[in-house]
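Visitor: Okay, structure incoming, though there's no sequence with it:
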Ligand SMILES: CC(=O)[C@@H](O)[C@H](O)COP(=O)(O)O
Ligand SMILES: NCC(=O)COP(=O)(O)O
C-alpha cells in the first residue's frame with residue numbers, strides 16, 4: 001500500500017510566541033526542523049484574528065519552506081488576496097468563527113457554493129492547488145467536486161473528540177465512507193484535525209487518503225520530547241499504519 005504523507009501544522013509554535021509577544025519560538029524555524037525530521041509539507045493557518053500565525057510568518061515561510069506550504073485561510077477577499085500574493089503550492093479553504101477555540105466543523109460548500117467556487121477558480125487560475133476542508137458528508141463532497149477543487153481535507157474532529165467507543169466507531173465509519181466516496185469522485189483526499197499518536201492509525205490505514213495534516217498533537221509532544229522526535233514518531237506511526 002502506498003505511503004501516506006504527513007503535513008505538519010506549526011500554528012501552535014506561533015501560539016507559544018504570541019503568548020508573550022516575543023519573537024521566539026519562530027514557526028519558520030520549527031518548519032525547518034519538521035521538514036528535516038521527515039515532514040512532507042508544512043501547514044499554517046492564517047486566521048483573520050491572527051491569534052497565532054502572522055502575515056510575516058506566511059511571507060517568511062514562503063521563502064524558507066523546502067517541501068511545500070499548505071496555507072489554510074477563510075474564504076474572504078482579504079485572505080484570498082494574501083494567498084494570490086504569496087502563491088503557496090496549496091491553499092486549504094476552511095471555515096472560521098472568531099469565537100471558536102479551534103476549527104469546529106467543515107466548510108459549508110453547499111450553502112456557500114458560488115462563493116467557494118469563485119474563490120477556488122481564482123486560486124486555481126494562479127496555479128495554486130485548492131483543497132476544501134469539509135465534513136465527510138456526501139452532499140458537501142459532491143459540492144466540492146462541482147467547485148472543481150482537486151483536493152478535499154476530511155474533518156476528523158468528531159472522531160478525535162469522541163468520548164466513547166460507540167461514537168468513535170460511528171465517526172470512524174462515517175469518515176471511512178466519506179473518504180471512499182470522495183476518492184470515487186476523483187478527488188484527492190486528505191484528512192486532519194485533532195489527530196494524535198493514539199488515534200491516528202485507523203485513519204492513516206485508509207488506503208484512499210493521500211495526506212494527513214497534524215499539528216496540535218505534534219507540537220504538544222514536542223514540548224516534552226522535542227520537535228524532531230515528535231515528527232519522526234508520527235511519521236513512523238503513519239508508515240506502520242500502511243504496512
Ligand atoms: C482546519 C483545521 O482543522 C486546522 O488546520 C486549523 O488550523 C485549526 O485551527 P487552530 O490551528 O487555530 O487550532
Ligand atoms: N487541517 C488540520 C491541521 O492542519 C492540523 O489540525 P490539528 O492537528 O492541529 O488539530
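Guide: Nice, I can see it. Keep in mind it's a predicted model, so treat the numbers as computed, not measured. Numbering: from 1, shown residues only. Ligands and ions are numbered 1, 2, ... in the order given.
Visitor: The spatially most central residue of the chain: what secondary structure?
Guide: By C-alpha atoms, centre = their mean, the mean C-alpha position of the chain lies nearest to residue 213, the distance being 4.2 Å. State at residue 213, reduced to three classes by DSSP: H, G, I helix; E, B strand; the rest coil: strand.
Visitor: show me what contacts residue 191?
Guide: By C-beta atoms under 8 Å, 6 or more residues apart in numbering, residue 191 lies in contact with 153, 154, 155, 156, 175, 179, 203, 206, 209, 211, 212, 213. C-beta coordinates here come from the backbone N, C-alpha and C atoms, glycine included.
Visitor: which one of those residues sits closest to ligand 2?
Guide: Of all the contacts of residue 191, residue 213 has the smallest distance to ligand 2: 3.5 Å, by C-beta to the nearest ligand atom.
Visitor: any idea which helix or strand comes after the lengthiest helix in the chain?
Guide: What stands out as the longest helix in the chain, according to DSSP state H, is helix 165-184. Later in the chain than helix 165-184, the nearest helix or strand by DSSP states H and E is strand 188-192.
Visitor: So in that sheet, which strands flank that following strand, and in what orientation?
Guide: When sheet partners are counted by DSSP bridges, strand 188-192 sits next to strand 151-155 (parallel), strand 209-214 (parallel).
Visitor: Next, the buried residues of the last one.
Guide: Using 16 or more other C-beta atoms under 10 Å as the test for burial, strand 209-214 gives 209, 210, 211, 212, 213, 214.
Visitor: what subset of the residues you listed is also close to ligand 2?
Guide: When C-beta under 6 Å from any ligand atom is applied, the members of the buried residues of strand 209-214 adjacent to ligand 2 are 213, 214.
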